[in-house]
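Q: Generate a structure from the sequence data that follows.
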Amino acid sequence: MDYLIIALCAFLASGLTLYSGFGLGTLLLPVFALFVPVEVAVGATALVHGANNILKVAIVGQHADRDLVLRFGIPAVVAAFAGAATLGYVAHFGAIFSYAIGSRIAIITPVKLTMGTLMFVFALFELVPKLRSLRVDRKYLVLGGLLSGFFGGFSGHQGALRSAFLTKVGISPQAFVGTNALIGFLVDLARIAVYGSVFFLTGTGDAFDRHQWSMIAVGCLTAFAGVLIGKRYLHTLTMRTIQTITGTLLLGISIALLAGVL
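A: I've put the predicted structure just below:
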């Protein structure tokens, strides 16, 4: 059942994110978190997200706006290192509080609180009309890159912020998709490198067991299929529909994380 759920989520989300600029990480992370510890879920999502972005760059990367990649993407990559390192630091903190729900023990940890809060905030940006339509002026591209990269490194949720900034600068849909894909790929490279280093230095290099690697492989393959099919068929979906689906799932998972039941 876990393979099927991950496969369906990766397939659908990767098709949607090709046009929205975000969605795969925000949807896939909470699904992985249903089956593995949340800090491991972040790393697994990063691998699927990175592999998916390689395919997207190969397909639409030639349309990327080089100026935007430099002014927004470079700060994002730098900040991604800081975000990923922060995750590695807080992931090993012990439980803050625990309580029983019937026979199940709910455990609240710092990383669950942080991730849950982030997901809740990003859910508001998808569901609240005024926040959903928020756009930022071009002069704030560097700041946008720093914020997007940090959250991308920490939780993988850089896409929504990145899209909010890039849709303001007046580029073509092709350039928007290509720039999003290329910057997302660069951020993924940075955070995957940090996650790997943290796992190695802390002696948790075996953080992914055979079953988890299998789930990652399933996520990658079905995400590839989603991109290829989504390029032809899923562009008819409205951004509002994508945002509503993403925001609703984020809201539910954030509440579960904050309550310590995941």
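Q: Helices along the stretch 151-262 of the chain, start to end?
A: Ranges of helices within the stretch 151-262 of the chain are 159-166, 173-201, 210-233, 239-259, based on DSSP state H, counting those that start in this stretch.
Q: centre of the chain versus the least confident helix or strand in the chain by mean pLDDT, how much separation?
A: Between all helices and strands in the chain, the lowest mean by mean pLDDT, DSSP states H and E belongs to helix 159-166, at a mean of 75. Taking C-alpha atoms, centre = their mean, to the nearest Å, one finds the center of helix 159-166 at 12 Å from the center of the full chain.
Q: on that earlier part again, which of the helices of the stretch 151-262 of the chain sits most buried?
A: helix 159-166 (a mean of 24; mean count of other C-beta atoms under 10 Å). In this view, the C-beta of every residue, glycine as well, is placed from N, C-alpha and C.
Q: Tell me which helix or strand the residue nearest to K168 when sequence neighbours are not counted sits in.
A: Nearest non-adjacent residue to K168, counting by C-beta to C-beta, 6 or more residues apart in numbering: R135, 4.3 Å away. Assigned by DSSP states H and E, R135 belongs to no helix or strand.
Q: follow-up on the earlier one: any idea which of the helices of the stretch 151-262 of the chain gets closest to F97?
A: The closest of these to F97 is helix 239-259. By C-beta to C-beta, the value is 10.5 Å.
Q: Show me what that closest one is in contact with.
A: Helix 239-259 has contacts (C-beta atoms under 8 Å, 6 or more residues apart in numbering) with 16, 19-20, 22-23, 26-27, 30, 33, 38, 106, 108, 112-113, 115-120, 122-127, 132, 262.
Q: Mark which of those are buried, thanks.
A: Among the contacts of helix 239-259, the ones that count as buried by 16 or more other C-beta atoms under 10 Å are 16, 19-20, 22-23, 26-27, 30, 33, 38, 106, 108, 112-113, 115-116, 118-120, 122-127, 132, 262.
Q: list the contacts for V227?
A: Going by C-beta under 8 Å, 6+ apart, V227 touches S14, G15, L18, N52, L55, K56, I59.
Q: before we move on, back to that, can you add distance to L47 and give the helices of the stretch 151-262 of the chain back as a markdown table?
A: Formatted as a markdown table, the helices of the stretch 151-262 of the chain follow (distance: least, C-beta to C-beta, whole Å):
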| stretch | distance to L47 |
| --- | --- |
| helix 159-166 | 16 |
| helix 173-201 | 7 |
| helix 210-233 | 5 |
| helix 239-259 | 20 |
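Q: For G145, the count of nearby residues, please.
A: Residues lying near G145 (other C-beta atoms under 10 Å) number 29.
Q: Tell me, what's the model's pLDDT at the closest residue to it other than its chain neighbours?
A: The shortest distance from G145 to any non-neighbouring residue, by C-beta to C-beta, 6+ apart, is to P75 (3.4 Å). pLDDT for P75: 93.
Q: Please apply the same query to S155.
A: pLDDT, S155: 68.
Q: hang on, the earlier thing: which one of the helices of the stretch 151-262 of the chain lies nearest to A7?
A: Across the helices of the stretch 151-262 of the chain, A7 has its closest neighbour in helix 210-233 (4.3 Å, C-beta to C-beta).
Q: could you give the angle of the closest one to helix 173-201?
A: Calculated by axes from the mean of the first three to the mean of the last three C-alpha atoms, to 10 degrees, helix 210-233 forms an angle of 180 degrees with helix 173-201.
Q: If you average the pLDDT over helix 210-233, what comes out?
A: The average of the pLDDT scores along helix 210-233 is 86.
Q: and what of stretch 83-100?
A: For stretch 83-100, mean pLDDT rounds to 80.
Q: Please list all residues in contact with the residue nearest to G145.
A: So P75 contacts V142, G145, L146, G149 (C-beta under 8 Å, 6+ apart).
Q: tell me how far the helix or strand where it lies is from the chain's mean position?
A: Under the criterion of DSSP H and E, P75 resides in helix 74-90. Here helix 74-90 is found 13 Å from its chain centre; the criterion is C-alpha atoms, centre = their mean.
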